[in-house]
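Student: Starting from these lines, generate the structure:
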Amino acid sequence: MGIDRRYPEITLLGASEVTVNRNDSYTDAGATVVRGTLSTTITKDGITVTSVDTAQAGTYTISYDAQDQYGNSPETVTRTVTVNAFQRSTYQWPGPNDYALTDYLWDRKTTALKDLRDPRGFPIAQWDVSQVNIFTQCFQDRTDMQTIDLSQWQVANTHRKAIQLTQMFKGSNINQDITSWPIWSNNDNHHYFDEMFKNATSFNQDMSSIDLAFHNTTDMFTGSEMEDGNKPSM
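Tutor: Predicted coordinates:
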């Protein structure tokens with residue numbers, strides 16, 4: 001039997017390009033190798049480092065190399081990890097109860113959104129809401145939505161509960177692109193979007209690629225400026 005001198009084969013696990021925010025957690029998906037031993041090198045701005053440090057914004061390159069017993073090596077496989085300068089608060093809502101976020105915002109109805117801070121002192125755009133399951137009426141009738149950016153909010157289902165966004169922006173002047181929220185692609189539970197944008201006369205974002213057929217969407221866009229071609233499947 002002849003000697004197998006085929007080069008090692010490296011397979012990247014996960015995406016080749018990853019973006020995270022400053023201080024968010026990051027676990028590398030890694031890579032696998034056939035017929036060889038895998039080695040990993042991480043660099044930031046051309047300097048070798050020991051890990052992706054999300055406390056330091058910048059671009060990290062993770063290089064996967066392999067070598068077999070004969071010294072054969074395939075082409076290096078890489079992953080680029082970009083750590084945005086955006087920093088999420090270390091205070092995690094909801095706080096003492098499921099309605100804590102809604103209560104907090106309603107108690108400060110007369111405070112400008114751009115001036116709101118969480119208990120750690122972070123502005124609203126940087127709040128960690130990944131554990132919140134009730135957003136009911138959070139921003140109802142607010143007319144200063146254009147002063148903040150909620151695109152980085154992690155409205156998700158990390159606690160495996162149904163999420164209530166009922167009347168979240170009802171009557172407000174929101175017109176932000178929030179299609180990056182994880183909730184739009186999450187069907188683990190039956191979520192509630194009833195009247196979410198009702199009478200939100202400024203809202204008209206393209207959500208046509210989103211499928212909400214599994215969820216409650218009664219009067220979700222009634223009275224809003226949402227064009228039919230931009231609406232999700234419901």
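Student: What residues sit buried inside the helix or strand of the chain with the lowest mean pLDDT?
Tutor: In the chain, no helix or strand scores lower on mean pLDDT, DSSP states H and E than strand 17-22, which sits at a mean of 89. Within strand 17-22, the residues that count as buried by 16 or more other Cβ atoms under 10 Å are 18, 20, 21, 22. In this view, the C-beta of every residue, glycine as well, is placed from N, C-alpha and C.
Student: which among those residues gets closest to residue 128?
Tutor: residue 21 (10.3 Å; Cβ to Cβ).
Student: And the helices in this structure, which stretches?
Tutor: Here the chain has its helices, by DSSP state H, at 100-107.
Student: Against residue 9, how distant is the spatially most central residue of it?
Tutor: In the chain, the centroid-proximal residue (Cα atoms, centre = their mean) is residue 154; its distance is 4.8 Å. Counting by Cβ to Cβ, to the nearest Å, the gap between residue 154 and residue 9 amounts to 36 Å.
Student: same deal with residue 195?
Tutor: Look at residue 195 and residue 9: by Cβ to Cβ, they are 54 Å apart.
Student: Looking at these two, which one has more neighbours?
Tutor: Neighbour comparison, residue 195 and residue 9: the larger count goes to residue 195, with 26 against 13 (by other Cβ atoms under 10 Å).
Student: Touching, that one and residue 219? I think so.
Tutor: Yes: using Cβ atoms under 8 Å, residue 195 is in contact with residue 219, at 4.8 Å.
Student: buried stuff in stretch 113-127?
Tutor: Of the residues in stretch 113-127, 113, 116, 118, 122, 124, 125, 126, 127 count as buried by neighbour count, 16+ other Cβ under 10 Å.
Student: Check those against residue 89 and report the nearest one.
Tutor: Distances from residue 89 to those, taken by Cβ to Cβ, are shortest for residue 122, at 3.6 Å.
Student: Which parts of the protein are strands?
Tutor: With DSSP state E as the criterion, the chain has strands at 9-12, 17-22, 31-34, 37-44, 47-49, 58-67, 77-87.
Student: and the fourth one, how far from the chain's centre?
Tutor: This points to strand 37-44. With Cα atoms, centre = their mean, to the nearest Å as the basis, strand 37-44 stands 27 Å off its chain's centre.
Student: Map the structural domains onto the sequence of this structure.
Tutor: Split into domains by automatic domain parsing, the chain comes to 9-86, 88-234.
Student: Can you say which of these is packed in most?
Tutor: The highest average neighbour count among these, using mean count of other Cβ atoms under 10 Å, belongs to domain 88-234 at a mean of 17.
Student: so where is the protein shaky, pLDDT-wise?
Tutor: 1-4, 157 (pLDDT under 70).
Student: Just confirm residue 203 contacts residue 226, I think it does.
Tutor: Yes: with contact defined as Cβ under 8 Å, residue 203 reaches residue 226; the gap is 5.9 Å.
Student: residues shared between the contacts of these two?
Tutor: Jointly contacting residue 203 and residue 226 under the rule Cβ atoms under 8 Å, 6 or more residues apart in numbering are residue 197.
Student: could you list every residue that touches residue 165?
Tutor: Applying Cβ under 8 Å, 6+ apart to residue 165 gives the contacts 135, 136, 155, 183, 191, 192, 193, 196.
Student: ok, so of these, who is nearest residue 170?
Tutor: Taking the contacts of residue 165 together and measuring to residue 170 by Cβ to Cβ, the closest member is residue 196, at 7.2 Å.
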